[in-house]
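Colleague: Need a 3D model of the following:
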Amino acid sequence: MIQDTSIRVIARVRAKAEHVAEVQAVLSAIVEPTRRESGCLSYELLQNSSDPADFVFVEKWASVAAEHAHFATPHVSVALQRLGELLADEPEICRYTALT
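Modeller: Just a heads-up that it's a prediction; the model follows:
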């Protein structure tokens, strides 16, 4: 049996109410460059229908190393700097392994 070494990530970002549009623009800008990263198997940005300030990334990476390398890319570094005062809370990042 081949072991699945991929990792799933759910990353939640909450914008301050007055900065929802700006946060959406910053987050949207990193989707395509991230999808081109080595080891990125899927990368989706979702916005909560009933709470527009609530954004979630649903990610699948080939390995833990690929997911860690993602944070060293220029597009993520720039996004994190731009998000600074626009967020209501620190981003919440949860990592999972598939059981089935």
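Colleague: Tell me how far the residue nearest to the spatial centre of the chain lies from E18.
Modeller: Geometric centre of the chain, nearest residue: F57, 4.2 Å, by Cα atoms, centre = their mean. Separation of F57 from E18 (Cβ to Cβ, to the nearest Å) stands at 22 Å. For glycine as for every other residue, the C-beta is placed from the backbone atoms N, C-alpha and C.
Colleague: and W61, how many residues sit next to it?
Modeller: As a burial measure, W61 scores 23 neighbours (other Cβ atoms under 10 Å).
Colleague: Contacts only, for it.
Modeller: By Cβ atoms under 8 Å, 6 or more residues apart in numbering, the contact list for W61 reads S6, I7, R8, V9, G39, C40, L41, E67, H70.
Colleague: Tell me the confidence at D4?
Modeller: pLDDT, D4: 75.
Colleague: Give me the three-state assignment for the closest residue to it other than its chain neighbours.
Modeller: For D4, ignoring the flanking residues on the chain, the nearest one in space by Cβ to Cβ, 6 or more residues apart in numbering is A98 at 5.6 Å. Counting by DSSP: H, G, I helix; E, B strand; the rest coil, the backbone at A98 sits in coil.
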